[in-house]
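Sequence and predicted structure below; questions after.
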Amino acid sequence: MSRSPAGLWCRHRDASGRESGSELIKSGRTGGHAFTRGGTRSLFRTPGPCRPRLVLVDGPLQAIALAALKPHAHHNTTFAAPGGSWSRAADQALTALVTADPLRETILAFASLRDGSCPSRGRVQALLRDILPAGACDPLVLEPPSGGWVAALFEARTTARRAA
């Protein structure tokens, strides 16, 4: 992850841990997303090895926002997200991440669609059932607040500024 005048570059890593591409989350009023040409969307995650707690969300911006809302969790939590919807490359990267380091806790913090369904959560739950060792705890489900993780971070920072 790195910043530039254009926005925030979020690096995706494949199953071997190599960078597979970068997603640009554009700053300013226009906002938006772009992905590097020739890159492959796989899995964005916070830097370092997989920590004992893994939190999976919809996209890199949501992962960064949730990590900022939970600064005390950084030392034992990896925040991760696909680039867009889940893909085979994201499945492979998640499998490699989870099987390389034992997890104590997995949290699924995906936003539900308007109809209440959550395809990303369903896909990841099915994958985790296949790859987590027998006896592992079921993933916890954490519903994003109304408006999502980015809106919650914006609200928290606005409230903190008013209080200061």
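Arrived safely, thanks for sending.

what stretches of this structure score poorly on pLDDT?
Low-confidence segments of the chain, defined by pLDDT under 70: 1-7, 27-33, 84, 164.

ranges for the helices of it?
60-69, 88-100, 119-131, 148-163 (DSSP state H).

Point out the most buried one among these.
The highest mean neighbour count among the helices of the chain, using mean count of other C-beta atoms under 10 Å, belongs to helix 60-69: a mean of 22. Quick note: C-beta positions are derived from backbone N, CA and C, even for glycine.

what comes into contact with it?
For helix 60-69, contacts defined as C-beta atoms under 8 Å, 6 or more residues apart in numbering pick out 1, 8, 10, 23, 25, 44-46, 55, 57, 73-74, 77, 79-81, 83, 109, 111, 144, 148-150, 152-153, 156.

rewinding a little: will you turn the helices of the chain into a markdown table that also has distance to residue 139?
Rendered in a markdown table, the data for these read as follows (distance: least, C-beta to C-beta, whole Å):
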| stretch | distance to residue 139 |
| --- | --- |
| helix 60-69 | 15 |
| helix 88-100 | 11 |
| helix 119-131 | 6 |
| helix 148-163 | 17 |
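
Among these, which comes closest to residue 50?
Shortest separation from residue 50 across the helices of the chain is recorded for helix 88-100, at 4.9 Å, computed as C-beta to C-beta.

could you check the angle helix 119-131 makes with the closest one?
40 degrees (axes from the mean of the first three to the mean of the last three C-alpha atoms, to 10 degrees).

where's residue 131 relative to residue 19, distance?
Distance of residue 131 to residue 19, given as C-beta to C-beta, to the nearest Å: 23 Å.

same thing with residue 112?
Taking C-beta to C-beta, one finds residue 112 at 31 Å from residue 19.

Likewise for residue 106?
24 Å.

same thing with residue 107?
Applying C-beta to C-beta to residue 107 and residue 19 gives a distance of 25 Å.

Please apply the same query to residue 139.
Taking C-beta to C-beta, one finds residue 139 at 27 Å from residue 19.
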